[in-house]
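In: sequence and predicted structure, then a few things I'm wondering about:
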Amino acid sequence: MTKNTWNKRTTLVHGGARRSQYGEVSEAIFLTQGFVYDSAEAAEQRFQSLGEDEFIYARYGNPTVAMFEERIALLEGAEDAFATASGMAAVNGALTSCLKAGDRVVAAKALFGSCLYILESILPRYGVEVEFVDGADLAAWEEALKPGATAVFFESMSNPTLEIVDIEGVAKLAHEAGAIVIVDNVFSTPVYSNAIAQGADVVVYSATKHIDGQGRALGGVVLGSREFIRGTVEPYMKHTGGSMSPFTAWIMLKGLETIDLRVRAQTASAKAIAEAVSKHARITKVSYPGLESHTQHALAQRQLGAGGTMVAFEIDGGKEAAFRFCNALQIILISNNLGDAKSIATHPATTTHQRLSPEQRADLGISDGLIRLSVGIEDTDDLVADVLQALDAG
Ligand SMILES: Cc1ncc(COP(=O)(O)O)c(C=O)c1O
């Protein structure tokens with residue numbers, strides 16, 4: 001991996017690029033499952049020890065995938081990265097590759113449904129004990145970490161209520177307890193992330209979100225030390241089949257080229273929408289970490305330096321009012337992805353978080369009137385006008 005002296009935007013365009021003998025400008029897609037050896041001896045040698053820029057089989061590694069891994073690792077300030085078929089393959093790979101029966105995990109309870117499923121339903125089946133805590137409560141982390149733990153896991157900004165977990169604070173407690181810190185950083189985005197410098201050992205992204213940013217492909221990535229990525233994650237992933245395809249890696253490389261521009265534009269519009277809805281009579285609550293009224297605004301500023309691309313708000317009138325709002329939108333789409341160029345409205349209680357019991361939803365602040373907005377790159381004024389007219393229509 002090249003040493004990086006570039007600033008972020010330059011890294012995003014050029015980092016990790018490898019050129020073939022044709023000198024192409026746009027990175028090549030090596031759509032090949034395997035690689036040809038000059039001789040039987042060369043094949044034997046490659047299987048014995050893999051040199052830099054040598055490949056065997058696409059499930060193990062591929063030049064296009066390697067370019068994506070290097071670019072995102074440079075961006076995140078991680079020693080290395082392993083690209084995966086989806087965000088969930090990354091979350092599962094990061095956790096399962098380093099855990100064994102008898103281990104203990106402490107996790108924040110506000111998690112994306114599939115992350116919760118791994119921690120609540122899969123890991124205990126294999127003898128891993130999991131304890132859930134209120135992620136925003138450092139005293140709760142401290143208490144839960146007292147018996148020791150192998151790993152902690154949390155989303156640095158939770159889905160859908162945009163609660164921030166203090167990476168530095170939790171990492172300090174986790175390290176004292178001997179646990180590695182695995183952070184799902186999707187909502188924080190790689191643009192604003194400083195998670196490794198703040199104490200995370202492992203950072204995970206669903207690349208499906210801001211990294212692609214154009215709703216085309218599923219993907220994920222695990223970032224961390226070279227030892228963890230190549231010694232722990234890679235053997236697990238390459239033998240269990242969760243590697244990223246070269247075509248997806250090419251899409252994600254192209255996504256990284258523009259991610260900084262997109263996410264900053266999305267963040268500016270998200271703030272404008274959060275400010276506009278805060279003043280609307282039908283809104284009972286707004287959660288946007290970039291607003292001074294957000295209870296964790298100072299932490300968001302310290303950790304991310306921005307409020308991010310997501311806004312959550314509660315409409316007076318419960319599910320019926322929330323549905324009327326969604327159905328009145330003219331630009332913003334009703335869907336469930338996030339980080340996309342197209343703005344998307346989601347009603348978490350009936351879609352992404354439908355599987356939770358009403359009590360669990362209430363505990364996490366997911367009311368029937370809650371809307372999660374993923375703000376896209378459309379014109380800010382058009383987006384604000386769309387949200388306001390849809391609120392007025394209800
Ligand atoms: C916080 C978080 N983690 C992980 C994932 C899973 O990503 P993917 O859908 O790419 O598997 C998602 C997807 O919505 C998510 O929101």
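Out: Received, thanks. Just so it is clear, the model here is predicted, and its values are computed rather than measured.
In: what count of nearby residues applies to T64?
Out: Counted with other Cβ atoms under 10 Å, the burial measure for T64 works out to 26 neighbours. In short, each C-beta sits where N, CA and C put it, glycine included.
In: so Q214: helix, strand or coil?
Out: coil (DSSP: H, G, I helix; E, B strand; the rest coil).
In: what's the answer for the one 3 residues further on, then?
Out: The three-state label given to A217 by three-state DSSP is coil.
In: quick check: the residue of this structure nearest the ligand.
Out: Nearest residue of the chain to the ligand (Cβ to the nearest ligand atom) works out as G87 at 2.3 Å.
In: do a quick rundown of the strands in the stretch 251-394 of the chain.
Out: Along the stretch 251-394 of the chain, the stretches classed as strands by DSSP state E, counting those that start in this stretch are 283-287, 310-315, 333-334, 344-346, 370-374.
In: would you list those strands in JSON lines and tack on mean pLDDT, distance to the ligand and mean neighbour count?
Out: Shown next, in JSON lines, are the strands of the stretch 251-394 of the chain (pLDDT from 0 to 100; distance: least, Cβ to the nearest ligand atom, whole Å; neighbours: other Cβ atoms under 10 Å):
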{"stretch": "strand 283-287", "mean pLDDT": "96", "distance to the ligand": "16", "mean neighbour count": "18"}
{"stretch": "strand 310-315", "mean pLDDT": "97", "distance to the ligand": "10", "mean neighbour count": "26"}
{"stretch": "strand 333-334", "mean pLDDT": "98", "distance to the ligand": "16", "mean neighbour count": "15"}
{"stretch": "strand 344-346", "mean pLDDT": "98", "distance to the ligand": "10", "mean neighbour count": "23"}
{"stretch": "strand 370-374", "mean pLDDT": "98", "distance to the ligand": "10", "mean neighbour count": "26"}
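In: with adjacent residues omitted, what lies nearest to the residue of the chain closest to the ligand?
Out: When the adjacent residues along the chain are set aside, G87 lies closest to S206, with 2.3 Å between them (Cβ to Cβ, 6 or more residues apart in numbering).
In: returning to that earlier point: kindly reformat the strands of the stretch 251-394 of the chain as a markdown table containing distance to F228.
Out: Written out in a markdown table, the entries for the strands of the stretch 251-394 of the chain read as follows (distance: least, Cβ to Cβ, whole Å):
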| stretch | distance to F228 |
| --- | --- |
| strand 283-287 | 33 |
| strand 310-315 | 29 |
| strand 333-334 | 38 |
| strand 344-346 | 33 |
| strand 370-374 | 30 |
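In: the ligand contacts on the stretch 101-250 of the chain?
Out: Those residues of the stretch 101-250 of the chain that sit near the ligand, judged by Cβ under 6 Å from any ligand atom, are F112, S114, C115, E155, N159, D184, V186, S206, T208, L218, G220.
In: now tabulate those in a markdown table and tack on neighbour count, secondary structure and distance to S97.
Out: Converted to a markdown table, these look like this (neighbours: other Cβ atoms under 10 Å; DSSP: H, G, I helix; E, B strand; the rest coil; distance: Cβ to Cβ, whole Å):
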| residue | neighbour count | secondary structure | distance to S97 |
| --- | --- | --- | --- |
| F112 | 20 | coil | 19 |
| S114 | 16 | helix | 17 |
| C115 | 25 | helix | 16 |
| E155 | 24 | strand | 19 |
| N159 | 25 | coil | 23 |
| D184 | 28 | strand | 15 |
| V186 | 28 | coil | 19 |
| S206 | 29 | strand | 17 |
| T208 | 25 | coil | 21 |
| L218 | 18 | coil | 20 |
| G220 | 30 | strand | 13 |
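In: of those residues, closest to I29?
Out: Distance ranking of these against I29, using Cβ to Cβ, places L218 first at 16.7 Å.
In: is it true that that closest one touches I211?
Out: No: assessed by Cβ atoms under 8 Å, L218 is found out of contact with I211, at 11.0 Å.
In: still on that earlier bit, in this structure the residue nearest to G87 contacts A90, no?
Out: Yes: here S206 reaches A90: they are 7.0 Å apart, a contact under Cβ under 8 Å.
In: which residues do these two both contact?
Out: Common contacts of S206 and A90 (Cβ atoms under 8 Å, 6 or more residues apart in numbering): G220.
In: report the buried residues of the host helix or strand of V130.
Out: Using DSSP states H and E, V130 maps to strand 129-133. Buried residues in strand 129-133, counted by 16 or more other Cβ atoms under 10 Å: V130, E131, F132, V133.
In: bridging residues for the first one?
Out: In other words, V130. According to DSSP bridges, V105 are recorded as the beta-bridge partners of V130.
In: gap between it and I251?
Out: When distance is defined by Cβ to Cβ, to the nearest Å, V130 is 34 Å away from I251.
In: give me the pLDDT value at the residue of the chain closest to the ligand.
Out: At G87, the model reports a pLDDT of 98.
In: I figured it was touching N185, is that so?
Out: No: with contact defined as Cβ under 8 Å, G87 and N185 do not form a contacting pair (10.6 Å).
In: can you list residues touching both of these two?
Out: Shared contacts of G87 and N185, defined by Cβ under 8 Å, 6+ apart, are found at V204, Y205.
In: ok, A217 - contacts?
Out: With contact set as Cβ under 8 Å, 6+ apart, A217 has these partners: A207, T208, F247, T248, I251, M252.
In: what do you get for H210?
Out: Contacts for H210 were tallied using Cβ under 8 Å, 6+ apart; they are V186, T189, P190, V191, G255, I259, R262, V263, T309, G339.
In: now it: closest residue in space that isn't a chain neighbour?
Out: Leaving aside its chain neighbours, H210 sits nearest to G339 (3.6 Å; criterion: Cβ to Cβ, 6+ apart).
In: please report phi then psi for the one you found.
Out: For G339, the backbone dihedrals (degrees, to the nearest 10) come out as phi 80, psi 10.
In: which residue ranges form the strands in the stretch 1-150 of the chain?
Out: According to DSSP E, counting those that start in this stretch, the strands that the stretch 1-150 of the chain contains are 80-84, 104-108, 129-133.
In: okay, those in a markdown table with mean pLDDT next?
Out: Compiled in a markdown table, the strands of the stretch 1-150 of the chain are given as follows (pLDDT from 0 to 100):
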| stretch | mean pLDDT |
| --- | --- |
| strand 80-84 | 98 |
| strand 104-108 | 98 |
| strand 129-133 | 98 |
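In: perfect, I'm done here.
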